[in-house]
Every structure is written in C-alpha cells, then in structure tokens.
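Trainee: Using only what follows, build the 3D model:
(one chain, ligands or ions: 2)
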Amino acid sequence: MTIYNNLINGAWTAGHATTPNTNPSDQADVIGEYAQGDAADVNAAVAAAQAAFPAWSTSGIQARHDALDKIGNEILARKDELGDLLAREEGKTRPEAIGEVARAGQIFKFFAGECLRLAGESIPSVRPGIGVEITREPIGVVGLITPWNFPIAIPAWKIAPALAFGNCVVLKPADLVPGSAWALADIIHRSGIPAGVFNLVMGRGRVIGEALVQHPDIAAISFTGSVGVGRGIAEACVKSGKKVQLEMGGKNPQVVLDDADLAQAVELSAQSCFYSTGQRCTASSRLIVTEKIYPAFIEALQARMAKLKVGDARAAGTDIGPVVSQAQLEQDLSYVEIAKAEGAVLAAGGERIGCHTGSGKQGFFLQPALLVDSTPAMRINREEVFGPVASVIRVRDYDEALAVANDTPFGLSAGIATTSLKYATHFKRHAQAGMVMVNLPTAGVDYHVPFGGRKGSSYGPREQGRYAQEFYTTVKTAYTLA
Ligand SMILES: NC(=O)C1=CN([C@@H]2O[C@H](COP(=O)(O)OP(=O)(O)OC[C@H]3O[C@@H](n4cnc5c(N)ncnc54)[C@H](O)[C@@H]3O)[C@@H](O)[C@H]2O)C=CC1
Ligand SMILES: O=Cc1ccc(S(=O)(=O)O)cc1
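Mentor: Numbers count the residues shown, from 1 in each chain. Ligands and ions are numbered 1, 2, ... in the order given. Here you go, the predicted model:
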C-alpha cells in the first residue's frame, strides 16, 4: 500500500502514524495510507512558512503569476485522473468530480491574474504638500482548514488567493479525504515555488487544526466546515488576535411560487437537494411551496426522484453517489426519523440501499428522501442535515414564503422559482442570504465572484473573486512629504 506523507519545508515527511483512505462506494477499496501528523509537524510547518515569508512576500508578481498559472494548467490537464481520485475518495459522481477539479484549476488561473491586478490608491492629503498612498500587503502565515465535501476546490479557493497575495500557507485538509489535497500539494510542490511557502499537514482536526489555531505565528485562519467547530475557532482567533474567516452550514430555502414553470422548478429542486448527494453547503434542504402548485409539484418531484440512479460514484450513469461516511449516513437517517416523529410524512426514499451495480460493494448508499407536510418549527427545517434529504413546507402566498425562507439561523444561499419579475426582484432584495438564485438551483456558483453568507453561515470577509483580497491582505496607508 502506498504511503502519502506530509509536505513540510519542501520535503515529504512521515507522520507518527498513517490512516487508510477508503472509498465510500466500496469500503473494501483502500486508496492509500495517509500520514497522521501531530503538533510537532505543525510547529515545523509553521516555522518553515515563517522562514519563507520574507522572500515570498516580496517576490515579483510575475513569478507568483507564473507559479499559479502553471499549477492551474497541470490541474486542468489532469482533470479526468484527479476527478476519478476525488470520486473514489469522496463519493461525488465522476462527472461532478471532474467538474470540481476543473473548478480548482480555473481558480488557480484566476488568481494568477489577480497577482497582476492587485492595485492600491493614491489620494491627496488634506494637508498641502503631502501625498497619501494606500497599498495592500500580505498578512503572513495563514492556516487553512478544509472540509471533506469539496476535497480539491475548497483547498484551491483558499490556497490560490493566499499565495497570489504573497502569504505562506499551512493546509490541513479533512481527515476523510486527504487524497485530492495530497495530489494538489504534489502539483504545488513541483511548480517551483520555494520550499516552505506551501506546507501540507494531514491528520486529526482536534490535533492539527487546534495546533494551527493556537499557534502564535499563524496570522490568520480560513475555515470551512461545521458550525460547532467554526465557532470554537472564531473564539480562539479573536482571543489571540488572529484574522479569521469561516464558511459553515446552510439550511437553504428553495421557494416555489404558483406561477413557476413546473418542470423547471422540479428540475432545479431535484438538482440542488440531491445532486452531490446533498453534501453541499449550498444545497437546498427546505422546499417552500405555495398552495396552488403544491400537489402538482410534489407529484412531479416524486416522479423525478424515482428516476435518480443511486450507485457507485465512478460507474457510468450514476446520478447520486454514496454518502461520505458511516457517521454521515447515520446522521442523515436519524434526521429522517426525527422528522417523521415530529409529524412530517416520508413521501419518497429515506432508506439505506445496496449498491445498484450488484457487485456486493460495501457502500454508504441512501435513497434520496422527500419529507412532505413539514412545518417551519420542526428540527428537519432548522438544523443542517448535509445529505440527500429535503423537506417541503406548504405556504399560502409569496409573503409567507419569504417569511419562512428567512426564518432560519443560517443565510448562505436562497432560491426562488417564479415567472413574476415583481416577486423575483423583491426576493433578490429581501432574502436574508449571501447568494440568491432566480430560476436556478441554490447550488451551482461561479468561481470568480464572491462566495459567502449571512447570519450563522459565514463570518469574516467573503471568499472568492477579487473580494478574496480583503482577507488575504492587510491595508497600509503611507504619507509622504513632497
Ligand atoms: N458547510 C460546509 O461546507 C460543511 C459542513 N459540514 C457539516 O459538518 C458536519 C460534520 O462534518 P465534519 O467533517 O466532521 O466537519 P468538521 O467541522 O468537524 O471538520 C471540518 C474541518 O475542521 C477540522 N477540525 C475538526 N475539529 C477541529 C478543531 N477542534 N479545531 C480545528 N479544526 C478542526 C476537520 O479535521 C476538518 O478539516 C457535517 O455533517 C455537516 O453538517 C461538513 C463539511 C462541510
Ligand atoms: O468549493 C466550494 C464549492 C464549490 C461549488 C459549490 S456549488 O455546488 O457550485 O454551489 C459550492 C461550494
């Protein structure tokens, strides 16, 4: 079995132990053994990054552009192979996984361009004879902590802006999916960037993640994952004066109005609730449907769900791959039971199934679940499930739909299906979410525009696009006597 080590100061370094990376479509398939680091590895990685920072932060923008562009090109050239690895370790279908890898490549190429576009301002002083310049500088060594649901795109969308703006990086990928992060680290390592600028430390969140968050030489932490862990990280960062950026959960509403195009509303709901096995922070999990279209919508959605093919992530024709892990499968199933106990009616799916390939593979397969007649106060409508489980709430009209959509502690993404310009315009302005979709699934975002939410979903500056510079740079104001 191949052993994949950590990357510290430009050298592949063994951890104190290794963990098998297994395939959620088939637990008998072990992809490799991945290093488990410890606090000493974090200390070594941070020290290497600190040492590399003075040269990298003042290196020319052409050199940084060229390195990021080269990384992006290799990712794109290898998207099929890397996509297959991603589907194997995380359980997205192969086309979804290849799409995610392509996104990662495009992100590196976008931020290669951003190296050249970072600009300052020159402003006259209120005092005659003085010039004022406002510039952006790198912040130092950044700790990046990433989740399992986008094993290459989320590392990419944190690493690329960090490096573009002259920071050094220690990446701690999710314990469940180290393979794609390791492959990305290998590409970055071979791109020619100096030793120590980028470091990879794999291992447990409680060990590696906490050591990064507590480290005095880490200037900033960017985290994507669960609300509980995110809040703890924010508290620790505020205490120690670190900059912090969090992307956490969602309970994204999809409103369907009486005047919606029924076929379009059903398709976008099926896509955003169930594709990628519902394991996207942008997935919709609450379908808020006005009363006249409700019966036809439920019937058509059930018919659409009956056509979804659940199976091995890498098999041709699979629509919905496995749930990522046994623990996540148990969480999904338990929410179906909680919803039923609270009075919702299971109208489709919701049970664990064997693999459709008939090969006897031991995977975590769940038939996508639809719960109808649910009410806003039920736990299924308040807590993030993070699986292919959707609940439907019947409402009278647009006003009630908007109120229910906003009645959540989260605010990442919100969607509306309507043919009315009036309601679409009103919803765009009044939905309490960082991202709003009209006649589109709540999931499915571009890589070159800001990504992030409100309320309990996000904290700190936005990720992605040119807005990423807000987190990965610090502003300097310089006064010069002419
Ligand atoms: N919003 C999102 O994109 C995501 C949300 N989730 C939610 O979180 C739930 C649990 O999934 P997990 O993978 O366990 O998420 P998690 O929040 O535990 O893990 C995310 C990352 O944080 C690290 N981590 C864990 N504990 C840490 C700590 N004390 N200090 C620093 N870093 C730590 C993990 O190793 C991983 O790299 C899911 O069921 C889902 O509801 C999970 C993944 C992504
Ligand atoms: O990388 C994070 C990420 C990527 C894609 C999406 S979406 O499925 O397009 O909404 C969400 C998060």
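
Trainee: Do a quick rundown of the helices in the stretch 151-300 of the chain.
Mentor: With DSSP state H, counting those that start in this stretch, the ranges of helices along the stretch 151-300 of the chain come out as 153-164, 178-190, 210-214, 227-240, 262-274, 294-306.

Trainee: Show me which residues of the stretch 251-400 of the chain sit near ligand 2.
Mentor: Selection of the stretch 251-400 of the chain residues close to ligand 2 by Cβ under 6 Å from any ligand atom yields R280, T282. Any C-beta I mention is one placed from the backbone N, CA and C, and that applies to glycine too.

Trainee: Mind listing what's buried along the host helix or strand of L346?
Mentor: Using DSSP states H and E, L346 sits in strand 345-348. Within strand 345-348, the residues scored as buried using 16 or more other Cβ atoms under 10 Å are A347, A348.

Trainee: Can you give the distance from that strand to the centre of its chain?
Mentor: Average the C-alpha atoms of strand 345-348, do the same for its chain, and the two points are 29 Å apart (Cα atoms, centre = their mean, to the nearest Å).

Trainee: With stretch 263-280 instead?
Mentor: So, by Cα atoms, centre = their mean, the centroid of stretch 263-280 is 17 Å from its chain's centroid.

Trainee: And stretch 10-22, by the same measure?
Mentor: Averaged C-alpha coordinates place stretch 10-22 at 24 Å from its chain's average position (Cα atoms, centre = their mean).

Trainee: residues making contact with that stretch?
Mentor: The set of residues external to stretch 10-22 that reach it, using Cβ atoms under 8 Å, 6 or more residues apart in numbering, is 1, 3, 5-7, 29-38, 41, 44, 48, 89, 175-179, 189, 194-196, 202-203.

Trainee: Which of the residues you listed are buried? Put it as a ChimeraX command.
Mentor: One line in ChimeraX is enough to select the buried members of the contacts of stretch 10-22, burial here meaning 16+ other Cβ under 10 Å:
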select :5,6,7,29,31,32,33,34,35,36,37,38,41,44,48,89,175,176,177,178,179,189,194,196,202,203
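
Trainee: near ligand 1, from the contacts of stretch 10-22?
Mentor: When contact is defined as Cβ under 6 Å from any ligand atom, these meet ligand 1 at D175.

Trainee: Now go through the contacts of stretch 10-22 and say which are in strands.
Mentor: Residues from those lying in strands, with DSSP state E as the criterion: I3, N6, L7, D29, V30, I31, G32, E33, Y34, A35, Q36.

Trainee: Let me know whether the third one touches A185 as I believe.
Mentor: Yes. A contact is recorded between L7 and A185 when judged using Cβ atoms under 8 Å, the distance being 4.9 Å.

Trainee: ok, for whatever residue of the stretch 351-482 of the chain ends up closest to ligand 2, nearest residue in space, not its chain neighbours?
Mentor: Proximity of the stretch 351-482 of the chain to ligand 2 (Cβ to the nearest ligand atom) peaks at A443, 3.7 Å away. Spatially, and ignoring its direct neighbours in sequence, A443 is nearest to T282 (3.9 Å; Cβ to Cβ, 6 or more residues apart in numbering).

Trainee: I appreciate the help and will end here.
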